[in-house]
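Q: next come a sequence and a model predicted from it.
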Amino acid sequence: MHIAEGFLPPAHAIGWTLAAAPFVAHGARAVVREVREHPESTLLLGAAGAFTFVLSAVKLPSVTGSSSHPTGTGAGAVLFRPPVMALLGTVVLLFQALLLAHGGLTTLGANAFSMAVVGPWVGYGAYRLTRRLGGGLLPGVFAAMALADLATYVTTALQLAWAHPDAATGFPGAAAKFLGVFALTQVPLAVGEGLLGVLLFRALLANARPDLERLGVVAPQPEEAR
Amino acid sequence: MSGLAVDDAAWASAWRRRSPADKLLLCLGLVGCALVLPAWPGSLLVGLTAVTLALGPARVPARTFGRAVRWPLAFVAVGALTAVVRVDGDGVGWAPDAAAQAGSLVGHALAGGAAVLLLATTTPVSDLLPALRALRVPAAVVEVAAVTYRLLFVLLASLSTIREAQTARMGHSTWRRSYRSSGALAAAVLTRSWDRARRLQEGLAGRGMETGLRVLPEALPSSRAFLAASVAGLAALVSLSLVVAGTALA
């Protein structure tokens, strides 16, 4: 769910762009450092960006009858860490605006803040917390994917409520309205995305363990255990 | 056929050979007008201008343009309705100026959306990325974005091939199977993307890549007539909107 072009008044559009900018700049610095140290990462990071874009084209069957599209930023945050996702997420949002007319240019800042900053950080926090509490990789991934998606949706609803407060009850009323309307599709989607994350990582553990080891997601297995 | 209708339209558009800077000036000008001008008549004028230019001189297929606005339209409709419904102790009702407010929201969103779509359907993303360099975005970041753009079509093709194969094997026949297939699909696309990136990297390293992926920039000269017409058109649009909005207020 992205805020469409022109849906935010100018002050909000500029404000959210300024709010997202430091996170995206931080991510850009992380990417520049990574590319300087390992020139081959340009292609791997590009692949990660393309994967995030393509993941939003995977259709998930949803309880509400229609199908929904995952945001995929939770998985990205676990695999590539939130700063890199802030940048890749913003690039993906720009491409979605220009290739799918999904989102917009003046609302890019607001969408980047919810999908590329809040989502990955909340997802990554949930992942680390689950792991620290003794949960395995898969419960951690479920928490990361589901909560990244939920946090993105809650942030978007609050952004909309702030921009368009309710005539009678102001911001709280508007927040309740937007959270309620989008909950119909977004809450089942968050659970669905968590499940997709578990299935994705289970397949990766079986088929691409060396890649997960390289990214530091799982510890290398001792030789004799293989 | 790349799989993304807007991208196909951009490569086939009659404005493909125009300078990206020219098109950026015109389209971002329209986006700015859609954002700040009053909905009546600003949004209407911006929307009409963008659609006329896209379907007329830029020769974007009307079908592509129409299909592309479906997604944002759903969001705009739901969002605008939610914004103008009033909730308080007495229950649910319309806000006092619901129609005007909804009209203004939808107008701004449709006009802005049409202006972005005019840019999107006339300019391939690979033409726009060099413009990011001018905004002082680091070269490494622009390169990552360029690789993303080029790889995503390969991955979209993988995605639809794998999904077709899964469907043919009853992989999406039930809810449960569909989830399992989607997980496998995402994993397969991710490992393929890594594999492809690695093979590209090895190929480039073998050809002596040291400092980034340099490609010969295409010469797309700027047109003075186009720039002058854009500036004049935007100025006329702004003044007409302000005059009409002013008389409406008076």
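A: Right, received. Where do you want to start?
Q: just give me the neighbour total for residue B:184.
A: Counted with other Cβ atoms under 10 Å in any protein chain shown, the neighbours of residue B:184 add up to 19. All C-beta spots, glycine's among them, are computed from the backbone N, C-alpha and C.
Q: tell me the secondary structure at it.
A: Under the three-state scheme (DSSP: H, G, I helix; E, B strand; the rest coil), residue B:184 adopts helix.
Q: I figured it was touching residue A:204, is that so?
A: No - Residue B:184 is beyond contact range of residue A:204, at 10.4 Å (criterion: Cβ atoms under 8 Å).
Q: does residue B:87 belong to a helix, a strand or coil?
A: Relying on three-state DSSP, one would call residue B:87 strand.
Q: how about the secondary structure of the nearest residue to residue B:193 once chain neighbours are set aside?
A: Beyond its immediate neighbours in the sequence, the residue positioned closest to residue B:193 (Cβ to Cβ, 6 or more residues apart in numbering or on different chains) is residue A:47, lying 3.9 Å away. Recorded secondary structure, residue A:47: helix (three-state DSSP).
Q: can you count the residues close to residue A:196?
A: Neighbours of residue A:196 using other Cβ under 10 Å come to 28.
Q: what packs against the strand or helix carrying it?
A: For residue A:196, the enclosing helix or strand under DSSP states H and E is helix A:170-207. Packing partners of helix A:170-207 (3 or more Cβ pairs under 8 Å, 6 or more residues apart in numbering or on different chains; DSSP states H and E): strand A:60-61, strand A:67-68, helix A:73-80, helix A:137-163, helix A:209-214, helix B:70-84, strand B:85-88, helix B:175-206.
Q: out of those, the one nearest residue A:195 is which?
A: Among these, helix B:175-206 comes nearest to residue A:195, with 5.9 Å by Cβ to Cβ.
Q: run the angle between the closest one and helix A:170-207 for me.
A: With axes from the mean of the first three to the mean of the last three Cα atoms, to 10 degrees as the basis, helix B:175-206 and helix A:170-207 are set at 70 degrees to each other.
Q: tell me the first helix or strand C-terminal of helix B:175-206.
A: Past helix B:175-206, the next helix or strand by DSSP H and E is helix B:224-249.
Q: which helices and strands sit right next to that following helix?
A: Under the contact rule (3+ Cβ pairs under 8 Å, 6+ apart), helix B:224-249 is packed against helix B:20-36, helix B:44-55.
Q: mind checking the pLDDT average for that helix?
A: In this model, helix B:224-249 carries a mean pLDDT of 90.
Q: next, the angle from it to helix B:44-55.
A: 150 degrees.
Q: off-centre distance for helix B:224-249?
A: 24 Å (Cα atoms, centre = their mean, to the nearest Å).
Q: in it, what counts as buried?
A: Within helix B:224-249, the residues scored as buried using 16 or more other Cβ atoms under 10 Å in any protein chain shown are B:226, B:230, B:234, B:237, B:238, B:241, B:244, B:245.
Q: could you measure from residue A:137 over to chain B?
A: 14 Å (Cβ to the nearest Cβ, to the nearest Å).
Q: residue contacts, that residue?
A: Contacts for residue A:137 (Cβ atoms under 8 Å, 6 or more residues apart in numbering or on different chains) come out as A:131, A:201, A:205, A:217, A:218.
Q: residue nearest the centroid of chain A?
A: Residue closest to the mean C-alpha point of chain A, counted by Cα atoms, centre = their mean, is residue A:73 at 2.5 Å.
Q: neighbours of the closest residue to that residue other than its chain neighbours, how many?
A: Using Cβ to Cβ, 6+ apart and skipping the chain neighbours, the partner closest in space to residue A:73 is residue A:119 (4.4 Å). Taking other Cβ under 10 Å as the criterion, the count of residues near residue A:119 is 33.
Q: correct me, but residue A:119 touches residue A:144?
A: No - taking Cβ under 8 Å as the definition, residue A:119 is not a contact partner of residue A:144, at 9.8 Å.
Q: list residues touching both of these two?
A: A:74, A:77.
Q: indicate which one of the helices and strands packed on helix A:170-207 is closest to residue B:33.
A: Closest among the helices and strands packed on helix A:170-207, using Cβ to Cβ: helix B:70-84, at 18.1 Å.
Q: for that closest one, buried residues please.
A: So helix B:70-84, judged by 16+ other Cβ under 10 Å, has buried residues B:71, B:72, B:73, B:75, B:76, B:78, B:79, B:80, B:82, B:83, B:84.
Q: what helices or strands is it leaning on?
A: Counting by 3+ Cβ pairs under 8 Å, 6+ apart, helix B:70-84 packs on helix A:137-163, helix A:170-207, helix B:98-120.
Q: so how far is that helix from its chain's centroid?
A: Worked out by Cα atoms, centre = their mean, helix B:70-84 lies 18 Å from the chain centre.
Q: cool, stretch B:31-41 as well?
A: Counting by Cα atoms, centre = their mean, stretch B:31-41 comes out at 19 Å from the chain centroid.
Q: number of residues surrounding residue 4?
A: Since no chain was named, I'll use chain A. Residue A:4: 29 neighbours (other Cβ under 10 Å).
Q: wait, I meant chain B there
A: Residue B:4: 20 neighbours (other Cβ under 10 Å).
Q: what residues are up against it?
A: So residue B:4 contacts A:99, A:100, B:153, B:156 (Cβ under 8 Å, 6+ apart).
Q: so which bits of the helix or strand hosting the residue nearest to residue A:73 are buried?
A: For residue A:119, the host element (DSSP H and E) is helix A:119-132. Buried positions in helix A:119-132, judged by neighbour count with 16+ other Cβ under 10 Å: A:119, A:120, A:121, A:122, A:123, A:124, A:125, A:126, A:127, A:130, A:131.
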